[in-house]
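**Q** Have a look at this fold, sequence not included:
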C-alpha cells in the first residue's frame with residue numbers, strides 16, 4: 001500500500017468513526033470507544049477488546065438465492081452452520097456478499113462490518129439479523145464502520161439506534177431449527 005493510499009484509508013476510517021460516534025451521541029447513547037490497530041477478524045481483535053465491556057461479535061454480509069441481503073451478527077465464539085442459518089433466516093441458500101456490494105450498500109469494507117454499518121443503508125436494502133443470545137445480552141462490542149475503532153454499546157441502546165434508523169431486526173436462534181423469532 002502506498003503512503004497516499006494509507007493516508008486516504010486513515011482519513012476514511014476517521015470519517016466513518018466520527019459519523020458513527022456523532023450518531024450515537026445525537027441519540028444520547030452511552031458508549032465507550034477504543035481506537036486500535038486495524039483488526040479484520042475476531043482473532044485479531046481479541047488482544048485489544050478485552051478492556052471494553054460486552055460480548056464480542058462476528059458479522060457476515062450474506063446474500064440468499066433470491067438476492068436478499070443480510071448483515072448477520074453472532075457471538076464471536078459461535079460456530080455458524082450456513083445451512084441452519086439459512087433456515088433460521090427463512091431463506092434457501094446463503095452465500096457471502098461481494099465486497100463491492102457491501103461498500104455500495106453499507107459503505108463498509110470487509111473486516112469492518114457490524115450492526116452500526118446499517119447507518120449507511122439509507123435505502124434499507126439490507127436485513128439485519130442478530131443472534132437471540134446477543135439480543136438478550138447487556139452489552140456488545142462492535143466496529144464503527146472501520147477496522148480501527150470499536151465501541152462497547154448497551155444492547156438497549158443498539159435497539160434504540162436501530163429504531164432510529166428504521167431497521168426491523170430479525171432475531172434468530174441456531175439452537176434448533178425454527179422460524180425467526182421476530
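**A** Okay, I see it. None of the values given here were measured: they were computed from a predicted structure.
**Q** Please count neighbours and contacts with C-alpha atoms only from this point.
**A** Noted.
**Q** Report all helices and strands that the strand ranked longest in the chain contacts.
**A** Criterion DSSP state E: the longest strand present in the chain is strand 55-64. Judged by 3 or more C-alpha pairs under 8 Å, 6 or more residues apart in numbering; DSSP states H and E, strand 55-64 is in contact with helix 42-49, strand 69-75, strand 94-96, strand 139-143.
**Q** can you list the residues that contact the third one?
**A** Spelled out, that is strand 94-96. Residues outside strand 94-96 that contact it (C-alpha atoms under 8 Å, 6 or more residues apart in numbering): 60-65, 82-83, 86.
**Q** what lines up beside that strand in the sheet?
**A** strand 55-64 (antiparallel) (DSSP bridges).
**Q** The last one now?
**A** Here strand 139-143 has these sheet partners by DSSP bridges: strand 55-64 (parallel), strand 149-154 (antiparallel).
**Q** quick one, what contacts the residue nearest to residue 65 when sequence neighbours are not counted?
**A** Using C-alpha to C-alpha, 6 or more residues apart in numbering and skipping the chain neighbours, the partner closest in space to residue 65 is residue 93 (5.4 Å). By C-alpha under 8 Å, 6+ apart, the contact set of residue 93 is 64-65, 83, 86.
**Q** Surely residue 119 forms part of a strand?
**A** No - in this structure, residue 119 is helix, not part of a strand, as judged by DSSP: H, G, I helix; E, B strand; the rest coil.
**Q** dump the residue contacts of residue 119.
**A** Taking C-alpha under 8 Å, 6+ apart, we find residue 119 in contact with 20, 106, 165.
**Q** Try it again at 6 Å.
**A** Contacts for residue 119 were tallied using C-alpha atoms under 6 Å, 6 or more residues apart in numbering; there are none.
**Q** Kindly provide the distance from it to residue 135.
**A** For residue 119, the distance to residue 135 equals 18 Å [C-alpha to C-alpha, to the nearest Å].
**Q** ok, now residue 97?
**A** Relative to residue 135, and taking C-alpha to C-alpha, residue 97 is found at 24 Å.
**Q** ok, those two, which is more surrounded?
**A** residue 135 (20 against 17; other C-alpha atoms under 10 Å).
**Q** nearest spatial neighbour of that one, skipping sequence neighbours?
**A** Counting by C-alpha to C-alpha, 6+ apart, the residue nearest residue 135 is residue 155, at 6.7 Å.
**Q** so the one you found touches residue 136, yeah?
**A** No - using C-alpha atoms under 6 Å, residue 155 is not in contact with residue 136; the gap is 7.7 Å.
**Q** Tell me which of the two has more neighbours.
**A** Set residue 155 next to residue 136 and count neighbours by other C-alpha under 10 Å: residue 155 wins out with 19 against 11.
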